[in-house]
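Engineer: 3D, please:
(2 chains)
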Protein chains: 2
Amino acid sequence: MYDDSSSRIVAGLREWIAKAPPDARLPSTRSLVAEYAASPVTVQRALRTLAAQGMVESRPGVGTFVRAARAAHPGDYGWQTAALGSPGSRVPRLSTALRTVPNDVIALHSGYPDRELLPERLVRAAFTRAARSDAAVNRPPAAGLPELQAWFAGELGAATPLGVMPPAPSDVIVFPGSQSGLSTAFRTLVGAGRPLLVESPTYWGAILAAAQAGVHLVPVPSGVHGPDPDELARAFAQTGARAFYAQPSFANPNGAQWPPEVADRVLGLVRRHGAFLIEDDWAHDLGIEAVPVPLAARDDGGHVVYLRSLTKSVSPAVRVAGVVARGPARERILAGAQAESMYVSGLLQAVALDVVTQPAWRTHLRGLGRRLGARRDLLVGALRAHVPEARLEAVPQGGLNLWVRLPDTTDLARLVRDCETAGVVIAPGDEWFPAEPAGNHLRLNYSGPNPGAFADGARVIGEALAGQQA
Amino acid sequence: MYDDSSSRIVAGLREWIAKAPPDARLPSTRSLVAEYAASPVTVQRALRTLAAQGMVESRPGVGTFVRAARAAHPGDYGWQTAALGSPGSRVPRLSTALRTVPNDVIALHSGYPDRELLPERLVRAAFTRAARSDAAVNRPPAAGLPELQAWFAGELGAATPLGVMPPAPSDVIVFPGSQSGLSTAFRTLVGAGRPLLVESPTYWGAILAAAQAGVHLVPVPSGVHGPDPDELARAFAQTGARAFYAQPSFANPNGAQWPPEVADRVLGLVRRHGAFLIEDDWAHDLGIEAVPVPLAARDDGGHVVYLRSLTKSVSPAVRVAGVVARGPARERILAGAQAESMYVSGLLQAVALDVVTQPAWRTHLRGLGRRLGARRDLLVGALRAHVPEARLEAVPQGGLNLWVRLPDTTDLARLVRDCETAGVVIAPGDEWFPAEPAGNHLRLNYSGPNPGAFADGARVIGEALAGQQA
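Structural biologist: Predicted coordinates for the structure are as follows:
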């Protein structure tokens, strides 16, 4: 990973071992040093790696030997089927968005921005500073590093209008990523067997977390202007649900942004029904034309539980998210977070805080918006040129994705397969629907590597689609 | 945290603001530079922190002003009580072991080793290296960094006797700390409402995770030689449980180490009952006289699910644990881990791997064992000298704790309170019992700061105890 010459020796020796008889003696360190033009320290490191992998064993003073293959019989785990029983709820398979793929394909599927969109210099500098700080050896409080709690509260507080009480730092709970925040919020605020209203389509990670928590999802149709408030009102009334999960800004997958009147009506509905809005502000840093204003900023009645992630905008290595909640809900979520993960690495929290409080962070975000805009426009243009059948209901003003409707006659699974064969990885829209999909969609991510290949990617999609209709 | 002069200015200005009228103008940057003998960059940083905390607002070209206090009314969160309902299971309050306390008390309560026992130099160097590596910006696979999976598998494989199939790297799932591993194992292998056998006393974090997962705990009495196998057999037969959670080496709290015959009988029982042993090898690196040999090394039938944490021996900032499981159980746990936390920071995984593959790590562990032994003996001696009523059933051969029985007439809560008043923080044994405690116990941790104060600590406990019997 960070020691290429040692990895190279490991790879070379593994090949050597594969052809060697059991108990064969490896070449001496000295000859490996010569063969690989590496230092003795690097060679020793490679040998330790192989020993840890059970490939070789070292006999001090004698040498290093290929470990005798063990009598490897396939295990019989059939008994586990009875012990485990049927899973309480079918947890969906992992989304396409998390797949890792080789470098030589055109990747339009990923949920994570390419490295060139990250504040790499800031992140590395922050890790280097944190490595020298107390954060490298100290344990932070369970709710989070106080300075980071204050930052999350301050950011939301800065958007709070006069007359509304801004959140306090103690209203913030730090999680090891927003997926953990979602899981804990669903488990503690809703609970197994109880209903949770969600937009349809909605974030696949939320569908996954809900399945794991055993909560019962109730889909509310949602378009580019957010959920239909009348449908939402009906769903609250019919199910007695006390919580609604949503992404009001640049929703994943469809890029929806709620107009003020939708936001007002949703806030009114959760208040009237004594319910929570679990607001997932996943794309807070990913605005292109617009800067998201959280609904949470307008609520001091404890109705909005606010999730703010830093993983996508700072770095996938900085798994840190903040949840802002007030009143008994905060207590319930904090107890759940502690039982689930005890506390979050203080070093990751210090790094997150370091990055977002640098002056260069603001500069980075402005540049990020411009670059996301250019990538988005490039992909929109490529689709218009090469996939005339694709319908884009709206060009999103932020986020990472285009949500594309295909003709109803499309065989979506075949399309995805054909594109992959031609070297283009795309995500079928089904994964974002809590129930049956309301049509054939693709989610195309414009934040992946190599935007220069967007045109080629679109061409492949267009050809695969045309092939189906021929 | 890592910027002391900026924190100093923030603290000073907060005092100034507290006395200032709303909308007052702050001293100029130039005068703050002079007053605090800090650089303009540091002063600007302090002002940004205050702005983020909502204390001041900057008006470009004019100055920085105290933000007008908002109409702060206490929120009414009463409606949440109805929305949340009664919690499915009462999650216990956080343990004494997680409390942070001031530096001037004698701390015998903590569950985490003092900084002087950590491989601080290795950890800092690993973070510095990782900051320069791809791990700072890449996303690792959901099950973990392949090299770290291989290391966990290799460590367990190295203890595997001939004829038993060692685990494969793909049998390993990396978690953000062992608490997450426990929660996910309990939730996916047992499930809400189903029975889980546990030792009594047992680790409080496991009791917490079980409560959160809603599993039904069945206590099996356990002493310094581990659980009574006859009681365990009865518990399996009576409850139909398919899982037993245990710490076979240096159990927390009582330091128990299972003799080979107990280990054999327990393995036999889990096999006979088609059950899982969830083996929590929390103290693998904390041996003093003995090196733990995991029971998991002797099982290739998928009966033992093995938890190996690095947090306590590497650093509290390196929240990384490995779970080794085979067959359908592995699939079930992996699906649960993904729904819960998606993936673990690749940088933390790279740091963990870096530390445990350094030659200096072995040296550190040997020194750690010696130092833990010296601390243990110091505390044992202090107790014998100052708390004659305390009974120590066995001196543990590893781990971090002494488990001390006090007279049945002791008022434990009062004792803990009296000691704290006298500046000594101790953990009441109750927190380690899944049901009513089987007597009055203290768990005294010998890995906290300042072992030089152990004698004073024991003296205070002895006096408080004597005071109760007078």
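Engineer: what's around residue A:22, how many residues?
Structural biologist: If you count neighbours by other C-beta atoms under 10 Å in any protein chain shown, residue A:22 ends up with 11. Using the backbone N, CA and C atoms, a C-beta is placed for each residue, glycine as well.
Engineer: and it, what element?
Structural biologist: Applying DSSP states H and E as the criterion places residue A:22 outside every helix and strand.
Engineer: I figured it hits residue A:66, correct?
Structural biologist: Yes - with contact defined as C-beta atoms under 8 Å, residue A:22 reaches residue A:66; the gap is 5.8 Å.
Engineer: what parts of the stretch 351-470 of chain A come near chain B?
Structural biologist: A:353, A:354, A:357, A:359 (C-beta under 8 Å from any C-beta of the partner chain).
Engineer: which secondary structure state does the first one sit in?
Structural biologist: On the three-state scheme (DSSP: H, G, I helix; E, B strand; the rest coil), residue A:353 is labelled helix.
Engineer: who's in contact with it?
Structural biologist: By C-beta atoms under 8 Å, 6 or more residues apart in numbering or on different chains, the residues touching residue A:353 are A:145, A:147, A:148, A:151, B:1.
Engineer: for the strand or helix carrying the second one, list every residue counted as buried.
Structural biologist: This means residue A:147. If you go by DSSP H and E, residue A:147 is part of helix A:146-158. Using 16 or more other C-beta atoms under 10 Å in any protein chain shown as the test for burial, helix A:146-158 gives A:147, A:148, A:149, A:150, A:151, A:152, A:153, A:154, A:155, A:156, A:157.
Engineer: what's in contact with that helix?
Structural biologist: Contacts of helix A:146-158 (C-beta under 8 Å, 6+ apart): A:143, A:166-172, A:174, A:294, A:296-297, A:306, A:308, A:320, A:322, A:324, A:349-350, A:352-353, A:356-357, B:1, B:51-54.
Engineer: next secondary structure after that helix?
Structural biologist: Counting by DSSP H and E, what follows helix A:146-158 is strand A:172-175.
Engineer: who does that next one touch, helix- and strand-wise?
Structural biologist: helix A:146-158, helix A:178-185, strand A:321-324, helix A:328-341 (3 or more C-beta pairs under 8 Å, 6 or more residues apart in numbering or on different chains; DSSP states H and E).
Engineer: quick check: mean pLDDT across the third one?
Structural biologist: Looking at strand A:321-324 alone, the average pLDDT works out to 98.
Engineer: picking that back up, which of the contacts of helix A:146-158 are buried? Put it as a PyMOL command.
Structural biologist: Command for PyMOL, covering only those of these found buried under the criterion 16+ other C-beta under 10 Å:
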select buried, (chain A and resi 143+166+167+168+169+171+172+174+294+296+297+306+308+320+322+324+349+350+352+353+356+357) or (chain B and resi 1+51+52+53+54)
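Engineer: save the helices and strands packed on strand A:172-175 as a markdown table, and put in distance to residue B:428 too.
Structural biologist: Output for the helices and strands packed on strand A:172-175, formatted as a markdown table (distance: least, C-beta to C-beta, whole Å):
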| stretch | distance to residue B:428 |
| --- | --- |
| helix A:146-158 | 28 |
| helix A:178-185 | 28 |
| strand A:321-324 | 31 |
| helix A:328-341 | 19 |
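Engineer: for chain A, which strand is longest?
Structural biologist: Counting by DSSP state E, the longest strand found in chain A is strand A:216-223.
Engineer: buried ones in it?
Structural biologist: A:217, A:218, A:219, A:220, A:222.
Engineer: and what of stretch A:171-189?
Structural biologist: A:171-189.
Engineer: can you check stretch A:234-252 too?
Structural biologist: For stretch A:234-252, by 16+ other C-beta under 10 Å, it's A:235-236, A:241-252.
Engineer: for those, work out which two are farthest apart.
Structural biologist: A:242 and A:250 (26.2 Å; C-beta to C-beta).
Engineer: any idea which residue of the stretch 351-470 of chain A lies closest to chain B?
Structural biologist: Nearest residue of the stretch 351-470 of chain A to chain B: residue A:357, at 6.4 Å (C-beta to the nearest C-beta).
Engineer: these two touch, right, that residue and residue B:46?
Structural biologist: No - using C-beta under 8 Å, residue A:357 is not in contact with residue B:46; the gap is 10.6 Å.
Engineer: count of neighbours near the closest residue to chain B within the stretch 301-450 of chain A?
Structural biologist: Here the stretch 301-450 of chain A gets closest to chain B at one residue, residue A:327, 2.8 Å apart by C-beta to the nearest C-beta. As a burial measure, residue A:327 scores 19 neighbours (other C-beta under 10 Å).
Engineer: excluding residues flanking it in the chain, which one is nearest it?
Structural biologist: residue B:77 (2.8 Å; C-beta to C-beta, 6 or more residues apart in numbering or on different chains).
Engineer: just to check, that neighbour is in contact with residue A:325?
Structural biologist: No - Residue B:77 is beyond contact range of residue A:325, at 9.9 Å (criterion: C-beta under 8 Å).
Engineer: identify the contacts common to those two.
Structural biologist: Joint contacts of residue B:77 and residue A:325 (C-beta under 8 Å, 6+ apart) are residue A:302.
Engineer: so those two - more neighbours on which side?
Structural biologist: residue A:325 (29 against 19).
Engineer: who are the contact partners of the closest residue to the more buried one other than its chain neighbours?
Structural biologist: For residue A:325, ignoring the flanking residues on the chain, the nearest one in space by C-beta to C-beta, 6+ apart is residue A:305 at 4.5 Å. By C-beta under 8 Å, 6+ apart, residue A:305 lies in contact with A:185, A:189, A:276, A:277, A:278, A:279, A:296, A:323, A:324, A:325, A:329, A:333.
Engineer: equivalent analysis for residue A:303, please.
Structural biologist: Contacts of residue A:303 (C-beta under 8 Å, 6+ apart): A:267, A:270, A:271, A:275, A:276, A:277.
Engineer: reformat those residues as TSV; add neighbour count.
Structural biologist: Putting those into TSV (neighbours: other C-beta atoms under 10 Å in any protein chain shown) gives the following:
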residue	neighbour count
A:267	18
A:270	25
A:271	14
A:275	21
A:276	26
A:277	24
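Engineer: ok, those residues vs residue A:202, which is closest?
Structural biologist: Nearest member of these to residue A:202, counting by C-beta to C-beta, is residue A:277, at 13.6 Å.
Engineer: surely the closest one is within a strand?
Structural biologist: Yes - checked against three-state DSSP, residue A:277 lies within a strand.
Engineer: what's the pLDDT at it?
Structural biologist: Looking at residue A:277, its pLDDT is 98.
Engineer: does it touch residue A:263 like I think?
Structural biologist: No - here residue A:277 lies out of contact with residue A:263, judged by C-beta under 8 Å, at a distance of 9.9 Å.
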